[in-house]
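*Asks:* Just the structure for this:
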Amino acid sequence: MNLLYRLFSTVAIGLLLPLLVLHPKLRLGVRRRLGLYREEGVWPAPKGPGPRIWFHGASAGDLHALMPVLRALKAKVPHATWILSTMTNSGLAAAEKIKAEVDGVTVLPYDLPGATRRAVRTLAPDLLVLEYAEIWPNLIDAVHAKGAAIAVTNGRFSEALVGRYRRFYALFGNPLLQVDLLLMREEVEAERARLLGAPRDRVLVTGNTKFDNLSRAPDPGVIDALSAAFALGGAPLFVAGSTHEGEEPALLSAFAEMRAVVPTLRLLIAPRYTERGPKVQLLAKGAGFSAVLRTEAKAEPADVLVLNTIGELTAAYALATLVFVGGSFVSRGGQNILEPAALGKPVLFGPNMANFRDSVEVLLGRGGIQVGSPDRLGALACDLLARPEELSRLGEMARTAVAKVSGASTRNAEALARLLKVSPL
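*Replies:* From the prediction side, this is the model:
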């Protein structure tokens, strides 16, 4: 990186530093953001004789997409020391939940020449793995100067910003020339990387690792326990997962319509926030249904089952005949629709899926059905429930659609292992 960028970053970040220090999402770990570590020597202490591998994701969502790659690479490089960095306070909170899987959690240094050099000297990576478009020129320069490898996973460059990137790189120097491997989500993203000057032989299309981060198949014992607690006895089950405030009345109204087609149908509602369970139970009773909370279930049948526990939603999906995924009839932006699809379940969701556009592209027309408005849910579900063979066909389509986009994490781990000159196992 040229001198002009070093001067620019020093002045720009220096002027912004008071705001950065006070920013509610960035104010934790200021010393480490300046590359200042109190620990003596290399941090964290080496776990074994293998390489030191540093993964960085800016936010909680980025870490969520990175972890399948880290886990896959860990199986290939078992004696490595693993460092995880993030940028936001929410990222740090997410990292706390998975810190047992790594050897150290920290924050990314500000992209200042001194801060990045100090951080790299302390963390001493043999490989730096950046997520999405986390292209930090001074950091990349410091890692490159140390002789370590640099890779980008889930790479993406916004079409709207390509022109700005090109002007920036023309003025300040192109950091992509120092990146050893760019693992891009799609061919269109790969072509943008090439247009920005990345060497063609360093750009690979490996897919989106977010699709690999689905929950593992539920334990059969958990499925049996949930079925017994609610006395399902093999009854058909409509599961509404991760619902938000304002969605349950429409679901209860749709359920009343469905009952006219399938009188034995039961409804399981899993509110996104479990503390809303009692309120959802009251709504169900107010609509004329018997309703029971999971925490109070005594193996007695009820019309509406309210899952107010953590860790059983995947088991509920496994028991489902048909699934609706919440957060999509309100402004929340939707919840994960691929989890039930991976279990072979037809999935309904509302129009507000801003947070899961990639997943909608995978599933729409392939076992996933978008419902335009809440008042259409009942009629659509009734039509499907009246055709069991269609439900089976849609479920298999959903399972196949998810399987086709899976595997990016394994491909990325194999490419990273080659970069480390480690033979894939």
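*Asks:* alpha carbons only for contacts and neighbour counts from here, please
*Replies:* Will do.
*Asks:* Tell me the helices and strands packed up against the strand or helix carrying Asp224.
*Replies:* Using DSSP states H and E, Asp224 sits within helix 220-229. Contact here means 3 or more C-alpha pairs under 8 Å, 6 or more residues apart in numbering; DSSP states H and E; on that basis helix 220-229 packs against helix 313-319.
*Asks:* returning to what we had before: which residues touch the helix holding Asp224?
*Replies:* Residues from elsewhere that reach helix 220-229 (C-alpha atoms under 8 Å, 6 or more residues apart in numbering): 233, 294, 297-300, 312, 315-316, 318-319.
*Asks:* ok, so of those, who is nearest Ala124?
*Replies:* Glu312 (40.8 Å; C-alpha to C-alpha).
*Asks:* What separation do you get for that closest one and Lys25?
*Replies:* Per C-alpha to C-alpha, to the nearest Å, Glu312 is found 31 Å from Lys25.
*Asks:* These two: which has the busier surroundings?
*Replies:* Glu312 (19 against 14; other C-alpha atoms under 10 Å).
*Asks:* Helices along the stretch 201-350 of the chain, start to end?
*Replies:* Assigned by DSSP state H, counting those that start in this stretch, the helices in the stretch 201-350 of the chain fall at 220-229, 248-261, 277-286, 313-319, 338-342.
*Asks:* how far does stretch 373-386 sit from the chain's center?
*Replies:* On the basis of C-alpha atoms, centre = their mean, to the nearest Å, stretch 373-386 sits 29 Å off its chain's mean C-alpha point.
*Asks:* Give me the buried stretch members for it, please.
*Replies:* Within stretch 373-386, the residues that count as buried by 16 or more other C-alpha atoms under 10 Å are 374, 377-378, 381-382, 384-385.
*Asks:* how far away is the closest residue to Arg276 other than its chain neighbours from Arg266?
*Replies:* Counting by C-alpha to C-alpha, 6 or more residues apart in numbering, Asn308 is the residue found nearest to Arg276 once chain neighbours are left out, at 7.7 Å. Counting by C-alpha to C-alpha, the separation of Asn308 from Arg266 is 17 Å.
*Asks:* swap in Thr209?
*Replies:* Separation of Thr209 from Arg266 (C-alpha to C-alpha): 35 Å.
*Asks:* and what of Leu364?
*Replies:* Counting by C-alpha to C-alpha, the separation of Leu364 from Arg266 is 26 Å.
*Asks:* With Asp219 instead?
*Replies:* As judged by C-alpha to C-alpha, Asp219 and Arg266 stand 22 Å apart.
*Asks:* neighbour count winner among the two?
*Replies:* Arg266 (23 against 12).
*Asks:* what's the more buried one in contact with, if anything?
*Replies:* Neighbours of Arg266 in contact, by C-alpha under 8 Å, 6+ apart: 235-238, 302-305.
*Asks:* Going through these, which ones are buried?
*Replies:* Buried members of the contacts of Arg266, scored by 16+ other C-alpha under 10 Å, are 236-238, 302-305.
*Asks:* Among these, name the ones in strands.
*Replies:* Among the buried ones among the contacts of Arg266, the members found in strands (DSSP state E) are 237-238, 304-305.
*Asks:* Reformat the residues you listed into CSV and put pLDDT and distance to Lys421 next to each item.
*Replies:* As requested, those are exported to CSV (pLDDT from 0 to 100; distance: C-alpha to C-alpha, whole Å):
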residue, pLDDT, distance to Lys421
Leu237, 98, 51
Phe238, 98, 50
Val304, 97, 56
Leu305, 96, 53
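*Asks:* Tell me the one of these nearest Ala65?
*Replies:* For these, the nearest to Ala65 is Phe238 (29.3 Å; C-alpha to C-alpha).
*Asks:* For that closest one, give me its contacts.
*Replies:* Going by C-alpha under 8 Å, 6+ apart, Phe238 touches 265-268, 320-324.
*Asks:* now do Ala413
*Replies:* Counting by C-alpha under 8 Å, 6+ apart, Ala413 has contacts 69-70, 72-73, 76.
*Asks:* so which of those would you say is closest to Asp111?
*Replies:* Using C-alpha to C-alpha, those come closest to Asp111 at Leu70, 24.0 Å.
*Asks:* Using PDB, list the CA coordinates for stretch 270-283.
*Replies:* Only the C-alpha atoms of stretch 270-283 are listed here, as PDB (Å, rounded to 0.1, in the frame of the first residue of the first chain):
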ATOM      1  CA  ALA A 270     -42.600 -21.100  18.300                       C
ATOM      2  CA  PRO A 271     -42.300 -17.400  19.000                       C
ATOM      3  CA  ARG A 272     -38.900 -15.900  18.200                       C
ATOM      4  CA  TYR A 273     -38.600 -14.700  21.800                       C
ATOM      5  CA  THR A 274     -39.600 -17.400  24.200                       C
ATOM      6  CA  GLU A 275     -40.800 -14.900  26.800                       C
ATOM      7  CA  ARG A 276     -43.800 -14.200  24.600                       C
ATOM      8  CA  GLY A 277     -45.000 -17.700  25.100                       C
ATOM      9  CA  PRO A 278     -47.700 -16.900  27.700                       C
ATOM     10  CA  LYS A 279     -49.100 -14.000  25.500                       C
ATOM     11  CA  VAL A 280     -49.300 -16.300  22.500                       C
ATOM     12  CA  GLN A 281     -51.100 -18.900  24.600                       C
ATOM     13  CA  LEU A 282     -53.700 -16.300  25.600                       C
ATOM     14  CA  LEU A 283     -54.100 -15.200  22.000                       C
END
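*Asks:* If anything else comes up later, I'll come back, but that's it for now.
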